[in-house]
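Participant: Structure of the sequence below:
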Amino acid sequence: MRALIDGDIVVYRAAASAEETEQWVALARADKLMQDILEDTQADSYGVYLTGSGNFRREIAPSYKAQRPDARPQHWQAVREFLVTQHKAVMCEGFEADDQLGIEQDKHGGSTVICSIDKDLLQIPGKHYNFVKKTFQTVTHDEGLKFLYMQSLIGDRSDNIIGVQGLGPVKAANALAGLLPEEYYDKCRALYDDDERFHLNMQLLYIWQKPNDMWQPPTAPRSGDPTTPGLFPTEQHGNTTTEQAGT
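Facilitator: Numbers count the residues shown, from 1 in each chain. Alright, predicted model coming up:
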């Protein structure tokens, strides 16, 4: 089993927990968290991924995460450098670590487990491990797709993505209840006040499963066809970081 580790979360938790102490404490806590993840997942190899500079989501929507404070824990950069030098973390440039986690999970199928506490990653099929709650979960393709469309209805306030007014998790789940996966798009589109905002939110929320895997709206959905655009977004080939990390 290969552990795919969300380095952004490891960095923030380790640095924030040592805000009032010396740098070595933050580094030690990051290393301990890494070791705990590998032990809990019984992984025989691992990769660590960090969000680097640039973000295509900010390019298509300047408001994306714009409300987040710029202040970071004082040892944030030191912990990032520690993960790169000691754990061979891969820096993702122009996109987010989440996207690389999705790419790696899709590439290697059932032999990987995504290790994070970020609920957004639950749109990615396969094994998941929450290293704070210490819980495992397996997500099917249909479950992941439903989660993505539910998020489009709910929105994500932490990322400054506004969904459909008045729809929380319960109402969003009820809206999609009983529908086939190929019906999610039309249902969500009907609940939005305009297509442009719906499509933009989907592009912001969708986590890549192929390099440069931008979400595109379906063109001619066909029941039961798993290759229908919008169920599996159109792949756009380009350069992306796919280097393997860790051993």
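
Participant: For the rest of this, base every contact and every neighbour count on C-alpha atoms.
Facilitator: Noted.

Participant: Got the phi and psi for the residue lying closest to A89 once chain neighbours are set aside?
Facilitator: Spatial nearest neighbour of A89, chain neighbours left out: V48 (4.6 Å); criterion: Cα to Cα, 6 or more residues apart in numbering. When quoted as degrees, to the nearest 10, the phi and psi of V48 stand at phi -120, psi 140.

Participant: can you check the one 5 residues further on too?
Facilitator: Reported as degrees, to the nearest 10, the phi and psi values for S53 are phi -90, psi 150.

Participant: My guess is it contacts E96. True?
Facilitator: No: when contacts are counted by Cα atoms under 8 Å, S53 is not listed as touching E96 (9.0 Å).

Participant: the more surrounded of these two?
Facilitator: Under the neighbour definition other Cα atoms under 10 Å, S53 and E96 were set side by side, and E96 has more, 22 against 11.

Participant: Quick one: residues contacting the more buried one.
Facilitator: Residues touching E96, when contacts are defined by Cα atoms under 8 Å, 6 or more residues apart in numbering, comprise 50-52, 55.

Participant: Buried among the residues you listed? Make that a ChimeraX selection.
Facilitator: Buried subset of the contacts of E96, written as a ChimeraX selection, criterion 16 or more other Cα atoms under 10 Å:
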select :50,51
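
Participant: What segments of this structure are helices?
Facilitator: With DSSP state H, the ranges of helices along the chain come out as 7-17, 23-41, 56-60, 76-87, 97-108, 141-154, 169-176, 184-191, 195-205.

Participant: Would you format these as TSV with mean pLDDT included?
Facilitator: Below are those laid out as TSV (pLDDT from 0 to 100):
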stretch	mean pLDDT
helix 7-17	97
helix 23-41	98
helix 56-60	94
helix 76-87	98
helix 97-108	96
helix 141-154	97
helix 169-176	96
helix 184-191	97
helix 195-205	96
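
Participant: which stretch among those helices comes nearest D213?
Facilitator: For the helices of the chain, distance to D213 was read as Cα to Cα. The smallest value, 8.9 Å, belongs to helix 97-108.

Participant: name the helices or strands packed onto the closest one?
Facilitator: In terms of contacts (3 or more Cα pairs under 8 Å, 6 or more residues apart in numbering; DSSP states H and E), helix 97-108 is packed against strand 2-6, strand 45-55, strand 112-115.

Participant: This completes my enquiry, with thanks.
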